[in-house]
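Engineer: Fold the following, please.
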Amino acid sequence: MRITGGLLRGRKIKTRRSNSTRPLLSRLRKSLFDIIGDEIRGASFLDLYAGSGAVGIEALSRGAKRAVFIEKNVPSVKIIKENLTSSGLLSQSRIWCKDVLTFLSFLLKKEKFDFIFIAPPYYKGMQDKTLDIVEATNIEKTEFIVQHSPNENVNFTRKNMKIIKQRKYGDTILTFLIKSI
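Structural biologist: Alright, predicted model coming up:
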């Protein structure tokens, strides 16, 4: 897998192929960051269910000032750290080996993010559980990007949250939301 844009464009990163991870394909990451555009410059990016860290690393490559990665799988966390170290991005990053659903509310009380990327395993209802946590926090001025299957029924009808964009790419949908208090 390669970084699709920014300072590290073309650089290979390691991924972990298993039934528990599903790396976002390069063309989808490119589309994601084409939609975000220059807003990523200087932004703070949170990569939930980070897997190999490809999305957060792409954000850093394209000008994000920092990225935080949350991934509970220890072998995946090791790959994220290797990718950040080999890319020279470790100093702009923080990696948490935690379960998103138990750690997210704590993190959101301590830190603010411009973008939060939510890409849990499909068909487990984790998009809704993650959005429930976000909805219960007192954060604003954050854009959320939720990756999900078109065959999943994710509840996007939420108080103080609204869909601003939605794009379908084969068997993946990226839904962009904002929360206003």
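Engineer: what ranges do the strands span in the protein?
Structural biologist: 44-48, 66-70, 93-96, 115-118, 143-148, 161-169, 172-179 (DSSP state E).
Engineer: Packing partners of the fifth one?
Structural biologist: Using 3 or more CB pairs under 8 Å, 6 or more residues apart in numbering; DSSP states H and E as the contact criterion, the elements in contact with strand 143-148 are strand 115-118, helix 126-135, strand 172-179. Heads up, the C-betas are built off the backbone N, CA and C, glycines and all.
Engineer: cutoff 10 Å now
Structural biologist: Applying 3 or more CB pairs under 10 Å, 6 or more residues apart in numbering; DSSP states H and E, one finds that strand 143-148 makes contact with helix 26-36, strand 44-48, strand 115-118, helix 126-135, strand 161-169, strand 172-179.
Engineer: out of the ones you listed, which comes closest to T15?
Structural biologist: Proximity to T15 (CB to CB) singles out helix 26-36 among the helices and strands packed on strand 143-148, at 10.8 Å.
Engineer: May I see the strands of the chain arranged in a markdown table, with mean pLDDT as well?
Structural biologist: A markdown table is the format used below for the strands of the chain (pLDDT from 0 to 100):
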| stretch | mean pLDDT |
| --- | --- |
| strand 44-48 | 98 |
| strand 66-70 | 98 |
| strand 93-96 | 98 |
| strand 115-118 | 97 |
| strand 143-148 | 96 |
| strand 161-169 | 93 |
| strand 172-179 | 93 |
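Engineer: which of those strands is buried the deepest?
Structural biologist: Highest mean neighbour count of the strands of the chain: strand 44-48, a mean of 26 (counted as mean count of other CB atoms under 10 Å).
Engineer: Low-confidence regions, the protein specifically.
Structural biologist: Flagging of the chain using pLDDT under 70 yields the residue ranges 10, 17-24, 180-181.
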